[in-house]
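Participant: Dropping the sequence and predicted coords here.
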Amino acid sequence: MDIEQLLLSFMLLITDFHRISCLFVTDINVPEIVDFRDNVTLSCSYDMSGHTLNSVKWYKDKMEFFRYSPMMHPVYMKFPVVGIQVQDGKYFCNESTCRVDLSLIGAKSTGTYKCEVSGDAPHFKLAAKADNMTVAALPQSDPLIESFNSMYRMEELLSATCSSDYSSLPTRLTWYINGEQASLGELQPSIDTSIPAHDYILRRQKLQVRFYLSGPRFYHAGKNLELKCVAEIENFPELKRETSLNAAITHYDNLNNQMLIHAGSGVSGAANVTPHHNTLQIISILFAICFLVNSALFSL
Ligand SMILES: *[C@@H]1O[C@H](CO)[C@@H](O)[C@H](O)[C@H]1NC(C)=O
Ligand SMILES: *[C@@H]1O[C@H](CO)[C@@H](O)[C@H](O)[C@H]1NC(C)=O
Ligand SMILES: *[C@@H]1O[C@H](CO)[C@@H](O)[C@H](O)[C@H]1NC(C)=O
């Protein structure tokens, strides 16, 4: 072997090495958290950089459930793995990307999902990427606010209850009164209920808020009261749900005034002057005045 041949083989080795190291998985797309009732799409992209694609394999917890091998027959293969079901005909792979649609079973579908790409002979180079997916029973509706009225009087005691939807992940409820978080003293101890369903323990939380409509919080808020209940799931801020409701706050005097006007006596003018008296009192005052005027006239 002369020097020239040695150099040539060395160069080949270098280009070879370069070719080998080039195969890699550029991206994997596995949802972090999903509801067990949903279908999910897993996808992965790869850069073959001159290699020929031999196969793409999908694994759940190290067990292969799907294979794409463009040079074999059949091109697509499915393998039974507990917790997942590749949907019929809902997959597509080529030289740069591979996508599969799954239906889920429940908690058993939680796991590490891996996409592994292999190049053809002579190197059969492997590249892979993996990601975790949590399959849970997620709340399907916004929190529910109960026993809340559309109108309250100033100084009145308000109490309302918020319930989260059933979920297999722990939910935290928070009340906001006109945008401010309710203090501990305004909350009753929360009540949790749990039921077993779909292989999960589903939990719902109920939290009651109780407070008097008094103090600067309400003087500055105008005549409107907004109550908001927020349901959050730890570690998954994107799953936050909330409900808010509004009520009008009526001042005690105004309400009394309105009662007077509604009483319909022909003394609405007097009612505006003496808002704290009821109709009967006003009528008696009028009678008294008449009596006084009469006796004054009589005495003349
Ligand atoms: C999931 O896919 C199946 C089969 O394609 C379909 O019948 C079902 O409605 C889908 N479920 C959802 C929640 O989209
Ligand atoms: C593979 O399929 C994707 C999606 O249909 C497409 O965007 C891409 O160009 C295809 N790649 C090749 C190498 O054919
Ligand atoms: C997936 O979860 C396992 C165990 O729960 C953990 O060790 C691993 O780091 C996680 N992988 C990713 C990509 O988050």
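Facilitator: In hand now; what should we look at? Numbers count the residues shown, from 1 in each chain. Ligands and ions are numbered 1, 2, ... in the order given.
Participant: Name the helix or strand for the nearest residue to Phe24 once chain neighbours are set aside, please.
Facilitator: Leaving aside its sequence neighbours, Phe24 sits nearest to Ala127 (Cβ to Cβ, 6 or more residues apart in numbering; 4.7 Å). Where C-beta positions appear, they are placed from N, C-alpha and C, glycine not excepted. Using DSSP states H and E, Ala127 maps to strand 126-136.
Participant: Contact partners for Asn39?
Facilitator: Gln87, Asp101, Leu102, Ser103, Leu104 (Cβ atoms under 8 Å, 6 or more residues apart in numbering).
Participant: State the helix or strand in which the third one lies.
Facilitator: Remark: Leu102 resides in strand 97-104, with elements defined by DSSP H and E.
Participant: buried set for stretch 43-51?
Facilitator: Neighbour counts over stretch 43-51 (16 or more other Cβ atoms under 10 Å) mark Ser43, Cys44, Ser45, Tyr46, Met48, His51 as buried.
Participant: just stretch 164-184 next, same as before
Facilitator: 164-169, 171, 173-177, 182.
Participant: of all these, which two lie farthest apart?
Facilitator: The most widely separated members of the buried residues of stretch 164-184 are Ser168 and Ile177, with 30.1 Å between them, by Cβ to Cβ.
Participant: Tell me which residues are up against the lengthiest strand in the chain.
Facilitator: Counting by DSSP state E, the longest strand found in the chain is strand 200-212. Contacts to strand 200-212, defined as Cβ under 8 Å, 6+ apart, come from residues 36, 106-107, 136-137, 155-168, 170-173, 175, 177, 182, 186-188, 190-196, 227, 229, 231.
Participant: Count the residues that sit near the nearest residue to Val86 once chain neighbours are set aside.
Facilitator: The shortest distance from Val86 to any non-neighbouring residue, by Cβ to Cβ, 6+ apart, is to Lys78 (4.9 Å). For Lys78, the count of nearby residues is 18 (other Cβ atoms under 10 Å).
Participant: What distance do you get for Lys78 to ligand 1?
Facilitator: As defined by Cβ to the nearest ligand atom, to the nearest Å, Lys78 lies at a distance of 15 Å from ligand 1.
Participant: For that residue, which residues are in contact?
Facilitator: So Lys78 contacts Phe65, Phe66, Val86 (Cβ under 8 Å, 6+ apart).
Participant: And the residues you listed, which is closest to ligand 1?
Facilitator: Val86 (11.1 Å; Cβ to the nearest ligand atom).
Participant: Torsion angles phi and psi at the closest one?
Facilitator: phi -70, psi 130 (degrees, to the nearest 10).
Participant: ok, it - contacts?
Facilitator: Applying Cβ under 8 Å, 6+ apart, the residues near Val86 are Phe65, Phe66, Lys78, Val100, Asp101, Leu102.
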